[in-house]
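1. structure for the following, please:
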Amino acid sequence: MIEEEAKEKFEKTLTAVEQNFNSVRTGRANASLLDRLMVSYYGASTSLKSMATVSTPDSQTVAIQPFDKTAIKDIERAIQTSDIGIMPSNDGNVIRLNVPALTEDRRKELSKVVSKLGEEGKVALRNVRRDAAQQYKKLEKDKKSSKDSCESYCKSLDEMTNGYVKKVDEIIKKKSEEIMKV
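-> So this is what the prediction gives:
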């Protein structure tokens, strides 16, 4: 049961890592570029997704159409202060982001961001492993499991963790190659 819970948490962590990677831009316009963007809207931190429709009318442009036109300045400010690296322009109704081709330096910088996000994912995987191992040790301490079976479960848990860490490494490699591709 502990192993099943851990596997479920591993899968959720892997999904979260992939979603974080989608918000790192490559060379093309992508609506998921703004997934992590939070906007200060009437003093509350609000996700852009809940405030506007984000679309990609062409391969170099992201269009943001706020539900409330008075929020345009707040959205613009959030984009300018974010790590996206694109200056927004608006016509009073729609904010447009022209996604320029990436320079070599920016590609390397984004590749480092991907590595950092990947490392955070690996740390989360290891935290899941640690929590599950503590549960096994508690079972052993409470004499509900033998020492040998506890060690066997922990070894199995380590193997599962290593498998998920390899998956994260593969995702990092794939995303880095996508970023470095001209």
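2. just list what the helix or strand hosting residue 134 packs against, helices and strands only.
-> Here residue 134 sits within helix 104-141, counting by DSSP states H and E. When contacts are defined as 3 or more Cβ pairs under 8 Å, 6 or more residues apart in numbering; DSSP states H and E, helix 104-141 sits against helix 2-22, helix 147-180. C-beta here means a position set from N, CA and C on the backbone, and glycine is covered the same way.
3. nearest to residue 64, of those helices?
-> helix 2-22 (16.9 Å; Cβ to Cβ).
4. could you check the angle helix 104-141 makes with the closest one?
-> Helix 2-22 and helix 104-141 meet at an angle of 170 degrees, taking axes from the mean of the first three to the mean of the last three Cα atoms, to 10 degrees as the criterion.
5. list the buried residues for helix 2-22?
-> Within helix 2-22, the residues that count as buried by 16 or more other Cβ atoms under 10 Å are 2, 6, 9, 10, 13, 14, 17, 20, 21, 22.
6. next: stretch 132-142.
-> Result for stretch 132-142 [16+ other Cβ under 10 Å]: buried residues 132, 133, 135, 136, 137, 139, 140.
7. any chance of these in CSV, plus pLDDT?
-> Below are the buried residues of stretch 132-142 laid out as CSV (pLDDT from 0 to 100):
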residue, pLDDT
132, 89
133, 88
135, 88
136, 84
137, 85
139, 83
140, 81
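8. in CSV, list those residues along with distance to residue 162.
-> Listed next are the buried residues of stretch 132-142 as CSV, based on distance: Cβ to Cβ, whole Å:
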residue, distance to residue 162
132, 14
133, 14
135, 19
136, 17
137, 20
139, 22
140, 22
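9. can you tell me which of these is nearest residue 61?
-> Using Cβ to Cβ, the shortest approach to residue 61 within the buried residues of stretch 132-142 belongs to residue 132, at 45.7 Å.
10. my guess is the closest one contacts residue 157, does it?
-> Yes - in terms of Cβ atoms under 8 Å, residue 132 counts as a neighbour of residue 157; the distance is 5.5 Å.
11. give me the common contacts of the two.
-> Residues touching both residue 132 and residue 157 (Cβ atoms under 8 Å, 6 or more residues apart in numbering): 3, 6.
12. residues contacting the residue most central in space within the chain?
-> Centrality entry for the chain: nearest residue to the mean C-alpha point is residue 20, 1.3 Å, by Cα atoms, centre = their mean. Residue 20 makes contact with 36, 117, 120, 121, according to Cβ under 8 Å, 6+ apart.
13. the last one: what's it in contact with?
-> Under the criterion of Cβ under 8 Å, 6+ apart, the contact list for residue 121 reads 13, 14, 16, 17, 20, 168.
14. same deal with residue 32?
-> 22, 23.
15. model confidence score at it, please.
-> Residue 32 carries a pLDDT value of 78.
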